[in-house]
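Visitor: Take a look and give me a structure for this.
(one chain, ligands or ions: 1)
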Amino acid sequence: MNHATAMAERVLQELSQEPRLARRLLIPQLRWLAADPDEGDAERWGMLEVVARARDEHLATLDADDGLAALGVGWEEIVQRAAQLAEPQRSVTCPRCGARLPRRRRACSRCRLPRPP
Ligand SMILES: [Zn+2]
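Guide: Sure thing, here's the model as predicted:
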């Protein structure tokens, strides 16, 4: 079983239950974090919490050995997998212009699209 994928699917399931407006914000945030995994942003946007809940739910379905393996998967990997599953073509690119998103930038270097709030 691929733990990262299983947990990413739970993350997407949780995001899909948000109201439409919130979802329109959450998917770009997911995309940004996948391209530039910043723990401060992930925490501020509530994504760490979503990932932690997804991990808890997943762990509840596992035995001890599988549980340990699932605990070893980093939140970055889960977010990256979730972004890929949500939008396979756009996971590491700017949502507006398609440029590859640079690390540690507050905005896209090509079109200046700012990081979501
Ligand atoms: Zn751009």
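Visitor: drop to CA atoms for contacts and neighbour counts, all remaining ones
Guide: Will do.
Visitor: Where in this protein is the helix or strand with the lowest mean pLDDT?
Guide: In the chain, the helix or strand scored least confidently by mean pLDDT, DSSP states H and E is helix 20-35, which has a mean of 85.
Visitor: close to the ion, is that one?
Guide: No - contact between helix 20-35 and the ion is absent, the nearest approach being 11.4 Å (criterion: Cα under 5 Å from the ion).
Visitor: who's in contact with the most centrally placed residue in the chain?
Guide: Taking Cα atoms, centre = their mean, the centroid of the chain lies closest to Val79, which sits 2.6 Å from it. Contacts of Val79 were listed using Cα atoms under 8 Å, 6 or more residues apart in numbering, and they are Ala8, Leu30, Leu33, Ala34, Val51.
Visitor: Would you show me how to pick out the buried ones of these in PyMOL?
Guide: Buried members of the contacts of Val79, defined by 16 or more other Cα atoms under 10 Å, are picked up in PyMOL with:
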select buried, resi 8+30+33+34+51
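Visitor: so where does the residue nearest to the centre of the chain fall, helix or strand?
Guide: Secondary structure from DSSP states H and E places Val79 in helix 75-86.
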